[in-house]
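Asker: show me how the following folds:
(chains A and B)
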Amino acid sequence: MFLINCPYCGERDQQEFKAGGEAHIERPKQPTELSDDEWAEYLFMRKNIKGVQFERWNHAHGCRKWFNMARDTSNDEIKAIYKMGEKPPTQ
Amino acid sequence: MLNYKTATNEEINYNGIVVKEISPTMKLNLRGKKREFFTNIGKNLNMLLPTEANTSTISDKFTAIWLSPDEWMIVTNDEVKKDTNEYQLNEILFNDISKSSLGAIIDVTDQFVQLEIIGKNIYEIFSAGSPFNFSEFKDKKGSSVQTILNHIDVIVHNKGDQIVNLFVRRSFAQHLWSWINDSASRL
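Answerer: Below you'll find the predicted structure:
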């Protein structure tokens, strides 16, 4: 159990949130020009690294807003929280 | 249209905790971001929508509860008359806001059940089933929060003087009622 600082509501328990996977994945501008492998790479392949990862989270049981989080996957330490559309913080 | 079927018929009264359903009250969900949306709402309701997170504003007729940066819930302070099937405000706001694409007005009167909980041990019950820290909330009249209570999504509004209004989805109301009843009996 850990606390997440929602950029809109303030500090809340993790139970109120849903993880939404890796952040900052850009949809290819011309999907029809991609090979099947390149399309599969965009659609399915995720980094899942041990260390700081940029993720999308949703305050599902609160304000229902999406936001981004930089989280260390090895110890669940939250390095930064920033709103959708903002650039990820430099490490 | 208002649904006059109450979710619960009884009243909980245990160990200084009194719980009863407040029905029927009009509840509207408002969504909007534009400047015109705020001026229009202000003009029609004669009140300002709260912009600070987890707060509410109150006028003589309505309470506006903050739900998210672009979402609010308007609740009537008094029960509406049972012989009135339509609430005029809903129609006015729908025409002024939804139809002119300034925002969205949704009638959630039937969706939410409003429970009034009175007593000094309210937060003892809440802390047994909710991960939210109520320590600041309980001292601040007018504060509101959307959180989980016994795994059920609820909106809690502190009316002050040990009175709390709780809004729960109708389909979950009976279950939450039973849980509060059970919890209150064990205080």
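Asker: hey, where'd the helices end up in the chain?
Answerer: You didn't say which chain, so I picked chain A. Taking DSSP state H as the test, the helices found in chain A are A:36-44.
Asker: you looked at the wrong chain, it should be chain B
Answerer: Under DSSP H, chain B gives helices at B:35-45, B:88-93, B:122-129, B:170-185.
Asker: nearest to chain A, out of those?
Answerer: helix B:122-129 (11.3 Å; C-beta to the nearest C-beta). The way it works is simple: take the backbone N, C-alpha and C, and place the C-beta from them, glycine included.
Asker: check which helices and strands that closest one sits against.
Answerer: strand B:144-149, helix B:170-185 (3 or more C-beta pairs under 8 Å, 6 or more residues apart in numbering or on different chains; DSSP states H and E).
Asker: at 6 Å what do you get?
Answerer: Packed against helix B:122-129, as judged by 3 or more C-beta pairs under 6 Å, 6 or more residues apart in numbering or on different chains; DSSP states H and E, are no other helices or strands.
Asker: which residues touch it?
Answerer: B:F134, B:K138, B:L149, B:N150, B:V164, B:S183 (C-beta atoms under 6 Å, 6 or more residues apart in numbering or on different chains).
Asker: what is the neighbour count of the residue nearest to A:H61 when sequence neighbours are not counted?
Answerer: Leaving aside its chain neighbours, A:H61 sits nearest to A:E16 (4.2 Å; criterion: C-beta to C-beta, 6 or more residues apart in numbering or on different chains). For A:E16, the count of nearby residues is 22 (other C-beta atoms under 10 Å in any protein chain shown).
Asker: same question for A:Y42.
Answerer: There are 13 residues near A:Y42, going by other C-beta under 10 Å.
Asker: quickly list what the nearest residue to B:K140 once chain neighbours are set aside is bridged to.
Answerer: Spatially, and ignoring its direct neighbours in sequence, B:K140 is nearest to B:N158 (6.6 Å; C-beta to C-beta, 6+ apart). Bridge pairing for B:N158 (DSSP bridges) gives the partners B:V164.
Asker: B:N158 reaches B:D139, doesn't it?
Answerer: No - shown here, B:N158 and B:D139 do not form a contact pair, counting by C-beta atoms under 6 Å, at 8.8 Å.
Asker: and those two? which has more neighbours close in?
Answerer: Per other C-beta under 10 Å, whichever of B:N158 and B:D139 has more neighbours is B:N158, with 24 against 10.
Asker: hmm, who's touching stretch A:57-75?
Answerer: By C-beta under 6 Å, 6+ apart, stretch A:57-75 touches A:6-9, A:12, A:16-20, A:23, A:50, A:52-56, A:78-84, B:68, B:146, B:148, B:153.
Asker: quick check: closest non-adjacent residue to B:S59.
Answerer: Using C-beta to C-beta, 6+ apart, the closest residue to B:S59 is B:M47 (4.0 Å).
Asker: tell me if I'm right that that neighbour and B:D60 touch.
Answerer: No - between B:M47 and B:D60 there is no contact under C-beta under 6 Å: 9.0 Å.
Asker: what's the domain layout of chain B?
Answerer: As given by automatic domain parsing, the domain ranges for chain B are B:11-24+B:111-187, B:27-108.
Asker: what is the end-to-end distance of the shortest one?
Answerer: Taking C-alpha to C-alpha, to the nearest Å as the measure, domain B:27-108 stretches 5 Å from start to finish.
Asker: centre of the chain versus that domain, how much separation?
Answerer: On the basis of C-alpha atoms, centre = their mean, to the nearest Å, domain B:27-108 sits 12 Å off its chain's mean C-alpha point.
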